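Engineer: 3D model of this:
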Amino acid sequence: MKAVIQRVYGAELSVGGETVSKISNGMTVYFGVAKGDAETDCERYAKKIANLRIFEDDNGKMNLSVKDISGEILLISQFTLLANTDRGNRPDFFGAEAPDRAKVLYEYMGKCLEAEGIPVKYGVFGADMTILQSNAGPVTIIMELPKK
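Structural biologist: Sure thing, here's the model as predicted:
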């Protein structure tokens, strides 16, 4: 499992020119599911993401979480996060979970984030999406927690 988290002033996701999801202040979370990942991994990631202190407090210190600022999350499935670029010039994605199982875990991840009290908007699993976002900072965190 891997997540790329970006602090944003806002983000909008569309498919085929039609807006599907839109958030204001919060974060975009690009989320990739690896072979062998489980629901317990989603729970760990959701807790960590929900409490990740990447928003500035009144003193300009990154000390607040998305929950603390009453922010939103735009959750976007992205199997390409599991790319292997060790050989050649074309990445392979053999480390990514099969689409049916990955979709189940992607949806479960959203439920886990919602259970943390965060409003979650979704991308369209497997679709060719256009994402416009206004990055804040920029702050980009690559999260890959060790397996338990």
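Engineer: how about the contacts made by K148?
Structural biologist: T40, R44 (CB atoms under 8 Å, 6 or more residues apart in numbering). From N, CA and C alone the C-beta is placed, and that goes for glycine too.
Engineer: can you tell me which helix in the protein is longest?
Structural biologist: helix 99-115 (DSSP state H).
Engineer: quick one: end-to-end distance for stretch 108-123.
Structural biologist: 14 Å (CA to CA, to the nearest Å).
Engineer: about what we covered before: just checking, next helix/strand downstream of the longest helix of the chain?
Structural biologist: Later in the chain than helix 99-115, the nearest helix or strand by DSSP states H and E is strand 120-122.
Engineer: which residues sit against that following strand?
Structural biologist: 13, 20-23, 72-76, 110, 113-114.
Engineer: average model confidence for whichever helix or strand comes after it?
Structural biologist: Where DSSP H and E defines the elements, the next helix or strand beyond strand 120-122 is strand 129-143. Strand 129-143 comes out with an average pLDDT of 98.
Engineer: could we number from 872 for the rest of this?
Structural biologist: Done: numbering now begins at 872, and the last item shifts to strand 1000-1014.
Engineer: extract the CA atoms of strand 1000-1014 and return them as CSV.
Structural biologist: What follows is strand 1000-1014, C-alpha atoms only, in CSV (Å, rounded to 0.1, in the frame of the first residue of the first chain):
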residue,chain,number,x,y,z
MET,A,1000,-9.5,11.3,-14.5
THR,A,1001,-8.5,14.9,-14.8
ILE,A,1002,-7.6,16.4,-11.5
LEU,A,1003,-7.1,20.1,-11.0
GLN,A,1004,-5.7,21.1,-7.6
SER,A,1005,-4.4,24.2,-5.9
ASN,A,1006,-1.4,23.0,-3.9
ALA,A,1007,-0.8,24.6,-0.5
GLY,A,1008,2.9,25.0,0.3
PRO,A,1009,3.5,22.8,-1.6
VAL,A,1010,3.4,20.0,1.0
THR,A,1011,3.6,16.4,-0.5
ILE,A,1012,4.1,13.4,1.8
ILE,A,1013,4.8,9.9,0.4
MET,A,1014,3.5,7.3,2.9
